[in-house]
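>>> Curious how this folds, go ahead:
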Amino acid sequence: GVKEAALCAEKFKKEGVGLTLSVTPCWCYGSETIDMDPLMPKAVWGFNGTERPGAVYLSAALAVHNQKGLPAFGIYGKNVQDVGDGAIPDDVKEKLLRFARAGLAVAIMRGKSYLAIGSVSMGIGGSMVNPDFLQDYLGMRTEQVDASEVLRRIQLEIYDKEEFEKALAWTKENCMSREGEDFNPEHLKH
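From the prediction side, this is the model:
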């Protein structure tokens, strides 16, 4: 019930848990067992079982999340499982992994700053940083700096050289294969 949910939330905070997944074959008590932390990414897996309708719990829990303005990701398998079947169906595995990746990304970003370099490109609204979204939904601060500040720091070598080399190596390994040709003069290429 509510007491156990509160104790669980306290333990999660103490242990640094970054996201929650509620799993149950039960059909009730959704509002008593959900995670109430507004910044904790959350998902609900309504076990699709023969004897207990997890879909009812899933719908009830998602409705409570929605009423309270707490985003939650709903997971439900397409195939009915026997109640004793401990296997995780492939379609559910994929949904669990998607949630875990996105939820951990949000958890890692929480408390960090988003740095916007430059200004809005050609007035394109989609490139405007929304500080309310970052603060309310992701728990992040926003900072802005003009692109000329980056150039100034490069020219005056005001940066952590080891961190730069680490970031450059990661970028070359993970991003360069997707990049087009670099048309910069040779002395400006990295």
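>>> gap between the lowest-mean-pLDDT helix or strand in the chain and the chain center?
None of the helices or strands of the chain scores lower by mean pLDDT, DSSP states H and E than helix 30-33, at a mean of 76. Using Cα atoms, centre = their mean, to the nearest Å, the distance from the centre of helix 30-33 to the centre of the chain it belongs to is 23 Å.
>>> Can you name every helix or strand that the helix or strand just after it contacts?
Sequence-wise, the next helix or strand downstream of helix 30-33 (DSSP states H and E) is strand 42-46. If contacts are counted by 3 or more Cβ pairs under 8 Å, 6 or more residues apart in numbering; DSSP states H and E, strand 42-46 sits against strand 20-24, helix 54-67, strand 73-75, helix 90-109. C-betas here are computed from N, CA, C, even on glycine.
>>> Mind listing the strands the shortest one pairs with, and their directions?
Paired with strand 73-75 in the same sheet, following DSSP bridges, are strand 42-46 (parallel).
>>> Could you give the separation of the partner strand from the chain centroid?
With Cα atoms, centre = their mean, you get 15 Å for strand 42-46.
>>> With stretch 122-130 instead?
Put simply, stretch 122-130 sits 22 Å off its chain's centre (Cα atoms, centre = their mean).
>>> Same check on stretch 93-107?
7 Å.
>>> buried residues in it?
Within stretch 93-107, the residues that qualify as buried are 95-96, 99, 103, 106-107, counting by 16 or more other Cβ atoms under 10 Å.
>>> circling back to that earlier point, would a markdown table of the helices and strands packed on strand 42-46 with distance to residue 44 and mean pLDDT be doable?
Converted to a markdown table, the helices and strands packed on strand 42-46 look like this (distance: least, Cβ to Cβ, whole Å; pLDDT from 0 to 100):
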| stretch | distance to residue 44 | mean pLDDT |
| --- | --- | --- |
| strand 20-24 | 5 | 84 |
| helix 54-67 | 5 | 89 |
| strand 73-75 | 6 | 93 |
| helix 90-109 | 10 | 94 |
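>>> just so I know, which of these lies nearest residue 118?
Proximity to residue 118, assessed across the helices and strands packed on strand 42-46 by Cβ to Cβ, is greatest for helix 90-109 (20.5 Å).
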